[in-house]
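Novice: Here is the input, now give the coordinates:
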Amino acid sequence: MIHETAEIEDCTIEQGTNVWQYAHIRKGASIGRDTVIARGVFVDHDVSIGARCKIGNYACVYWPAVIGEGVFIGPHAVLTNDKHPSAINEDGTVKGISDWSPAGVTVKHGASIGACAVIVAGVTIGAFAKIGAGAVVTHDVPDGETWVGCPARKLDCP
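Specialist: Below is the predicted model:
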């Protein structure tokens with residue numbers, strides 16, 4: 001099911017996937033089977049999202065992100081792609097494509113990212129890791145760990 005208001009460019013969306021209102025999936029993106037792309041989600045060009053994922057309302061997944069199978073990305077979460085974002089160069093000229101080096105976020109199998117979390121460019125979230133709501137993740141998160149806070153740190157559970 002692809003809602004009539006969704007903006008779908010030339011991309012691959014596998015069987016059983018639902019794309020809801022006002023989602024935007026850009027050219028070259030790949031969405032695995034049985035995935036849910038909720039209202040207002042932005043999936044950038046050439047992003048890869050695995051099967052059986054859930055991407056919550058208004059989440060943004062920027063190129064060159066790679067999302068494994070069974071990943072949950074909560075509402076309003078953002079996976080960034082620029083370690084040093086700015087609109088202009090030091091001489092005042094507008095930054096162009098050659099003025100930055102994109103760095104993707106990788107989210108491995110079964111990981112969960114809470115609502116409003118920000119995952120900074122170049123970070124890897126390990127398999128079945130959990131990121132708390134509102135966390136700002138600036139470092140790689142190992143498999144199975146839970147990280148919370150700003151900046152995010154490992155949560156030591158008894």
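
Novice: center of the chain - which residue?
Specialist: For the chain, residue 61 is the residue whose C-alpha lies nearest the centre (CA atoms, centre = their mean; 3.3 Å).

Novice: residues in contact with it?
Specialist: With contact set as CB atoms under 8 Å, 6 or more residues apart in numbering, residue 61 has these partners: 41, 42, 43, 44, 47, 49, 55, 67, 73, 79, 105. (C-beta placed from N, C-alpha, C; glycine too.)

Novice: okay, those in CSV with neighbour count, secondary structure and distance to residue 136 next?
Specialist: As requested, the contacts of residue 61 are arranged in CSV below (neighbours: other CB atoms under 10 Å; DSSP: H, G, I helix; E, B strand; the rest coil; distance: CB to CB, whole Å):
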residue, neighbour count, secondary structure, distance to residue 136
41, 26, coil, 20
42, 19, strand, 19
43, 29, strand, 21
44, 21, coil, 20
47, 25, coil, 21
49, 27, strand, 22
55, 28, strand, 19
67, 28, strand, 19
73, 30, strand, 15
79, 28, strand, 12
105, 25, coil, 13
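
Novice: Any chance of a markdown table for those, columns pLDDT and distance to residue 115?
Specialist: Output for the contacts of residue 61, formatted as a markdown table (pLDDT from 0 to 100; distance: CB to CB, whole Å):
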| residue | pLDDT | distance to residue 115 |
| --- | --- | --- |
| 41 | 98 | 13 |
| 42 | 98 | 16 |
| 43 | 98 | 18 |
| 44 | 98 | 20 |
| 47 | 98 | 20 |
| 49 | 98 | 18 |
| 55 | 98 | 12 |
| 67 | 98 | 17 |
| 73 | 98 | 9 |
| 79 | 98 | 14 |
| 105 | 98 | 17 |
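
Novice: Just give the number of residues close to the closest residue to residue 120 other than its chain neighbours.
Specialist: Leaving out its chain neighbours, the residue that sits closest to residue 120 by CB to CB, 6 or more residues apart in numbering is residue 138, at 4.9 Å. By other CB atoms under 10 Å, 15 other residues sit near residue 138.

Novice: Distance of the residue lying farthest from the centre of the chain relative to residue 100?
Specialist: Taking CA atoms, centre = their mean as the measure, the residue most remote from the mean C-alpha position of the chain is residue 91, 32.0 Å away. Remark: distance between residue 91 and residue 100 (CB to CB, to the nearest Å) = 15 Å.
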